[in-house]
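A.B. asks: Got a predicted structure plus its sequence, pasted below:
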Amino acid sequence: MNWKFSGDRPVYQQIMENIRGSVLRGELPPGGKIPSVRDLAAQAQVNPNTMQRAMTELEREGLLVSGGTSGRTVTTNLEVLSDMKEQILEDLARECAEKFMVFGVTPSQAAQRLLALDQKKEEMK
Amino acid sequence: MFTKLLKYEWRATRELLGILCLVCLGASVLGGLTMRYLMLFDGGDTSGNFLTVISIFGMMAAMFAVGMVAVASLLLFLGRFYKSRFTDEGYLTFTLPVTTHQNLLSSLVNTAIGMLLMVLVMGACLLLWLVIGLSGSQDLIRLVWQEMPQLWSAFLEIWGQMPWNYVAMLGLNMVTSAGCTLVMLMLSVTIGSVLAKKHKVLAAVGVFYGIRVLLSMVLGLSVLTPILTSQDEQLIMLRIIRGTPLLTTLVAVAGYFLMYRLVDKRLNLN
Amino acid sequence: MSCVLQAEGLTKRYHHAAALDGLDLQLPAGKIIGLLGPNGSGKTTFMKIAAGLLTPTTGQITVCGQAIGPKSKALVSYLPDRNCFSKRMKVAQMLDCYQDFFPDFDRARAEDMLSALAIDRDARFQTLSKGTQEKVQLVLTMSRRARLYLLDEPIGGVDPAARDYILHTIINNYDPDATVLISTHLISDVERVLDEFLFLYQGKVIRQGEADAAREESGKSLDELFREVFKCLPNC
């Protein structure tokens, strides 16, 4: 996991994004074990309290499941996972649209550009 | 905790102290040998003899060295006190979980024991000096040996007649005076370090001399008062001999508490 | 949650100025807290008072309910911004010294850390590079199981790799019963590790709070927030 943080957003939120990303990319598979708060905090070089907060929030969201003394695991609930993926992709799209808007490019114009990119890639093959 | 502090104080000073002991020993051997040479060649026409001149210088050097060892050992302990409490090392010393009394007393006790040790070592070395120096003078030794019984009985006579309480008091005087001087030295270092911003060592020296002047005035009073308030010679002597150690001890205790107060409340390491 | 340090109306006055001016603050247990402020704001003065190296002019300060004295010193582990060991001491001797005087010293942990740094136990302190000397002092300080760690400018004047090591050590050493107070003016390097922060100015706390809450509220990093708060103050 790439643990880079920017200082102007709450660290716990950035940790949560990182973990969601890892789950989506398959680095943390559904049902897989999550390292302990201490270990993960050491890995990420963040305050254990902050890591704890992030984990608790992800548990609340349903992405992580507490196994009591045996630690936390990623949920096996496919619905939760697909909902999360949906949410992330939607946020990504909105962010993209906002960036294009700065240059006066409407979402449909932006979509055309993305399509053109895809075609170019096909031609290169 | 106090014994641990003492242990560390001792460890910090024992190496250099050992070196000073060796210097003292070496100087005494040199002094003894030169003395032996000079005694053996005494009475001949030795003026201008190169070896004699060397011997005389050697003996003077040995005397100087022994004197310096005494001064150096005192400076060693005071230096340790200053360095470990009032320089950057103080950042560790004053954050140790010990009381200020334990802190100060460990240095005081270590210095007292160390100086006592040095006195004993120097005494032994001087004895060695004499033994080596006189080892060649057969005539002198034979003479002393012959006279020994007479000397011994005369000594015993004087021994029996000595007013022991006076001697004890004199001894007490010496001990309290030495102890008081030690406290005053440490107090001077403390005042110089805590109150002076620059030139702390110079300030300490200045303070020490100021204290000495003050003390001699106070002591003068302790001697003068019995003299002025009584005609009886014996009584005067008694009062002086009894009063002085008491006064000296009081001054030492007052000095210690002043040092304690300064370190406890006014310490500002930089 | 118990309180590890409590200061009320803490003032330290010198002839020319007041280094601390009626400082009120409470440090909760189990947090890593940043004491942030420009030079001369009183950070070092405050730490020295808490460590027992300085007495306040007025005001109260207690560490875990104890007044400052031998008992509080046994609970506080202080890392000053200078070398406080005799230069001729060997590293092993420094370990012995800490073990002798501090019952909470975890020698095994200190040995592990020194081995990981490949520091020779028999080396005399003066033969080590400046960066290594600082690391040794940090290892000794953090190997104590204290209730309050006071780190005075621990990352100033060291290279980025050493900085990472220092922050790594602080995080790994985390203890929910203990508090770490880090004083620094290199905020951007340290802020991701902080639970809470205190902005100190001319001997008073002018702003404090939780790090993430401040970021959420202001949309800025602590570093940016610091610049914003302090740029409009005189003598900065």
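C.D. replies: Received, thanks.
A.B. asks: which residues touch the closest residue to B:Gly31 other than its chain neighbours?
C.D. replies: Distances taken as C-beta to C-beta, 6 or more residues apart in numbering or on different chains put B:Ala62 closest to B:Gly31, at 3.3 Å, once the chain neighbours are dropped. Quick note: C-beta positions are derived from backbone N, CA and C, even for glycine. In this structure, B:Ala62 makes contact with B:Ala27, B:Ser28, B:Leu30, B:Gly31, B:Thr34, B:Trp129, judged by C-beta atoms under 8 Å, 6 or more residues apart in numbering or on different chains.
A.B. asks: Might you report the residue contacts of the residue minimising distance to the centre of chain C?
C.D. replies: Centrality entry for chain C: nearest residue to the mean C-alpha point is C:Leu151, 1.9 Å, by C-alpha atoms, centre = their mean. Taking C-beta under 8 Å, 6+ apart as the definition of contact, the neighbours of C:Leu151 are C:Leu79, C:Leu138, C:Thr141, C:Ile170, C:Val180, C:Leu181, C:Ile182, C:Ser183.
A.B. asks: swap the cut-off to 7 Å and go again
C.D. replies: Residues counted as contacts of C:Leu151 (C-beta atoms under 7 Å, 6 or more residues apart in numbering or on different chains) are C:Leu79, C:Val180, C:Leu181, C:Ile182, C:Ser183.
A.B. asks: what do you get for B:Leu33?
C.D. replies: Counted by C-beta under 7 Å, 6+ apart, B:Leu33 has contacts B:Ile132.
A.B. asks: Then it would be within a helix, right?
C.D. replies: Yes. Membership of B:Leu33 in a helix is supported by DSSP: H, G, I helix; E, B strand; the rest coil.
A.B. asks: Now for B:Val183, how many residues are close by?
C.D. replies: Taking other C-beta atoms under 10 Å in any protein chain shown as the criterion, the count of residues near B:Val183 is 25.
A.B. asks: buried sites along stretch C:36-44?
C.D. replies: Taking 16 or more other C-beta atoms under 10 Å in any protein chain shown as the basis for neighbour counts, the residues of stretch C:36-44 that come out buried are C:Leu36, C:Gly37, C:Pro38, C:Ser41, C:Gly42, C:Lys43, C:Thr44.
A.B. asks: which of the residues you listed lies closest to B:Ser177?
C.D. replies: When those are compared for distance to B:Ser177, the smallest value, 43.1 Å, is given by C:Thr44; criterion: C-beta to C-beta.
A.B. asks: Would you confirm that the closest one contacts C:Gly156?
C.D. replies: No. Counting by C-beta atoms under 7 Å, no contact exists between C:Thr44 and C:Gly156, whose distance comes to 11.6 Å.
A.B. asks: what does chain C put close to chain A?
C.D. replies: Applying the criterion C-beta under 7 Å from any C-beta of the partner chain, the portion of chain C that neighbours chain A consists of C:31-32, C:167-168, C:171-172, C:174, C:188, C:191-195, C:212, C:215-216, C:219-224.
A.B. asks: Restricted to strands, list these.
C.D. replies: Restricting the residues of chain C next to chain A to those inside strands, with DSSP state E as the criterion, leaves C:Ile32.
A.B. asks: Buried subset of the residues of chain C next to chain A as a PyMOL selection?
C.D. replies: Selection command for PyMOL covering only the buried members of the residues of chain C next to chain A, criterion 16+ other C-beta under 10 Å:
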select buried, chain C and resi 31+32+167+171+174+191+192+193+194+195+212+215+220+221+222+223+224
